[in-house]
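[1] Next one to model:
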Amino acid sequence: MSDIYSYSDYRQYLKDHYERNKAVHPGFSYRFLAEKAGINSAPYFKFVIEGKRNLSKKTILKTCIALKLKDKEAEYFEHLVFFNQAKTADEKSIYFDKLISLQRYRNIPRIKNDQMEYFAEWHHCVIRELVCMSDFSAGPGAAAVANGTIDFARLGKLLNPPIPPTKAEASLKLLQDLGFLKREKGRYVQTDPVLTTGPGVQDFQVIRYQIRMMQLAIEAFERCRAEERMISSSTMGVSRTTFERVVKKVRDFRAHLAEMVSQDENPERVYQLTISMIPLSQKPGVKP
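    Coordinates of the predicted model:
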């Protein structure tokens with residue numbers, strides 16, 4: 001069963017479900033799926049997938065039963081149907097927010113305490129992305145690829161700012177030792193596309209990593225052309241309640257971005273997104 005939370009189109013989810021089952025069980029059919037849902041129309045789901053029919057509140061429930069979706073997965077599917085079938089932008093916005101909120105229930109692996117060395121140097125996360133985007137084999141031919149020989153000088157120079165070959169080599173070894181990278185068919189791949197520490201982490205390694213990333217953002221004004229970066233800022237007055245709502249909204253937004261980026265099949269560069277909201281004043285009437 002595919003991860004329902006990775007879908008933004010319920011018809012595509014139904015299509016993938018049908019094709020996957022058809023490949024494994026040749027006898028699987030639209031009629032069988034309709035019968036499982038208690039729907040007296042053999043081509044019903046074929047028409048839905050083709051966009052000729054919509055799901056109703058009643059048939060959504062029946063479809064969830066047929067697909068064996070329960071609890072939060074069923075809730076996500078329901079909101080996904082409403083989002084796709086919404087007639088107005090306001091309706092879409094309402095259901096989009098609900099989808100983003102439910103995506104937090106995805107099984108995104110959290111970085112464990114014994115993996116916190118990942119945050120010891122800023123370049124570890126960049127190497128993790130970059131080494132999977134291109135072939136860094138040292139020398140031409142299949143032998144170099146098969147042996148896993150890497151041109152660490154070229155790899156290190158691609159970082160911005162660059163790092164020495166020795167650091168690139170040590171970083172790649174660490175990423176493998178921590179279980180964040182593995183080799184498949186002569187190429188490096190991520191064991192999990194998305195990683196998280198979870199909200200509210202106060203580990204010193206993570207804090208130091210975040211400070212370094214903010215320093216890199218400052219340096220980007222001189223190191224990067226304007227068209228290569230996006231930096232914006234806003235100053236606003238908010239209550240504690242609104243602050244907490246903003247924090248939740250930002251976390252949901254980051255989850256949505258992570259999902260969108262994970263579906264990018266042709267990444268070209270590694271980017272760092274840093275969002276901060278810091279107090280620039282004391283509360284009126286409170287002594288500093």
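[2] contacting residues around stretch 45-65?
    Outside of stretch 45-65, the residues within contact range by CB atoms under 8 Å, 6 or more residues apart in numbering are 10-11, 14-15, 18, 30, 33-34, 36-39, 44, 70, 74, 77-78, 81, 85. Every residue, glycine included, has its C-beta placed from N, CA and C.
[3] And stretch 223-235, end to end?
    26 Å (CA to CA, to the nearest Å).
[4] tell me the mean pLDDT for it?
    When pLDDT is averaged over stretch 223-235, the result is 88.
[5] what are the ranges of the strands in the stretch 101-250 of the chain?
    Using DSSP state E, counting those that start in this stretch, the strands found in the stretch 101-250 of the chain span residues 181-184, 187-190.
[6] what's the most buried one of these?
    Each of the strands of the stretch 101-250 of the chain was scored by mean neighbour count; the highest is strand 187-190, a mean of 16, by mean count of other CB atoms under 10 Å.
[7] ok so, going back, any chance of CSV for the strands of the stretch 101-250 of the chain, columns mean pLDDT and distance to Met213?
    CSV is the format used below for the strands of the stretch 101-250 of the chain (pLDDT from 0 to 100; distance: least, CB to CB, whole Å):
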stretch, mean pLDDT, distance to Met213
strand 181-184, 88, 20
strand 187-190, 86, 20
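[8] Not counting its neighbours along the chain, what's nearest Gln263?
    Distances taken as CB to CB, 6 or more residues apart in numbering place Ser6 nearest to Gln263, at 7.6 Å, with adjacent residues excluded.
[9] With Tyr188 instead?
    Val131 (4.8 Å).
[10] Next, count neighbours for that neighbour.
    As a burial measure, Val131 scores 22 neighbours (other CB atoms under 10 Å).
[11] what comes into contact with stretch 245-255?
    Stretch 245-255 has contacts (CB under 8 Å, 6+ apart) with 97, 100-101, 103-104, 199, 238, 273, 275, 277.
[12] Just the pLDDT at the residue nearest to Val238 when sequence neighbours are not counted, thanks.
    Excluding the flanking residues, the one nearest Val238 by CB to CB, 6+ apart is Val246, at 6.9 Å. As predicted, Val246 sits at a pLDDT of 88.
[13] how many other residues sit next to Val246?
    Using other CB under 10 Å, Val246 has 13 other residues around it.
[14] Tell me where the stretch 51-200 of the chain has helices.
    Here the stretch 51-200 of the chain has its helices, by DSSP state H, counting those that start in this stretch, at 57-67, 71-85, 89-102, 123-130, 142-147, 152-158, 165-177.
[15] quick check: mean pLDDT across the shortest one?
    It stands for helix 142-147. For helix 142-147, the mean pLDDT works out to 41.
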